[in-house]
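Undergrad: Sequence first, then the predicted structure:
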Amino acid sequence: MSQKVVVIYSGGMDSFTVLHKAVAAGHDVYALSFNYGQRHVKELICAANVCKELNIKHKIVDISAINQLISGSSLTSDIDVPEGHYAADNMKSTIVPNRNMILLSLAVGYADSIGARAVYYGAHSGDHFIYPDCRPEFVQKMNDVCQIANYQPVDIVSPYLYQTKIEILADGLAMGLDYSKTWTCYNGRDKACGKCGSCQERLEAFNLNNTADPLPYE
């Protein structure tokens, strides 16, 4: 059934797929992107372009001031981005403390203000090892809180929570999505680095779907 929903949309391939899944379901989608002081804004540019193309209502909100409180991540501080797969312990440096709780809280506030009854975000099983705020128990607890935080309950929806990026990409390819309109690399250079955990997981997903990644790599 169609309803008004908020989609947390980073501009990366996971949230890109979630966005289109919500659109395909016939929902009235309000996309919400955050500048939280990440190393670059290439994802946000991708997000803006996609929303303009699809004529989706879109807000990019600057919350970069939170870096005064939550420093220490290689995604937001002057720390080298680690290379390797997400299964490696060194990838823990990419954790931004409490990021998803903060973003979800803001998105739920936005949802309540516009009368939306759900907030979608792209947590998936590949994130579970490194990121506590992408695990099923976190999503369930956040959903429990968001049922009682306002007069009207808001559902937290993670449609790919128990699926891998490989399966997410397969779903997106089945929808005919063009992943050249996304950015995944933690580095914001002209081409994707191909070495950071985000690039490696993306390349693995395309390889296992027997499809070439449309992005150029260094």
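TA: Done, it's in.
Undergrad: tell me the pLDDT at residue 129?
TA: Residue 129 carries a pLDDT score of 64 in this model.
Undergrad: Please apply the same query to residue 97.
TA: 70.
Undergrad: now residue 32
TA: 98.
Undergrad: Same check on the one 5 residues further on?
TA: The predicted local confidence for residue 37 comes out at a pLDDT of 75.
Undergrad: Ok, residue 122 next?
TA: 92.
Undergrad: could you list every residue that touches it?
TA: 8, 10, 12, 14, 15, 17, 18, 158, 160, 168 (CB atoms under 8 Å, 6 or more residues apart in numbering). Where C-beta positions appear, they are placed from N, C-alpha and C, glycine not excepted.
Undergrad: mind checking the SS state of the closest residue to residue 188 other than its chain neighbours?
TA: Setting aside the residues directly before and after it, residue 188 is nearest to residue 40 in space (CB to CB, 6 or more residues apart in numbering), at 2.3 Å. Using DSSP: H, G, I helix; E, B strand; the rest coil, the structure places residue 40 in coil.
Undergrad: who are the neighbours of the longest strand along the chain, in terms of helices and strands?
TA: Longest strand of the chain, by residue count under DSSP state E: strand 28-35. The contact analysis (3 or more CB pairs under 8 Å, 6 or more residues apart in numbering; DSSP states H and E) places strand 28-35 against strand 4-8, helix 13-24, helix 42-54, strand 57-62, helix 99-114.
Undergrad: Kindly recompute the last result at 6 Å.
TA: Applying 3 or more CB pairs under 6 Å, 6 or more residues apart in numbering; DSSP states H and E, one finds that strand 28-35 contacts strand 4-8, helix 42-54, strand 57-62.
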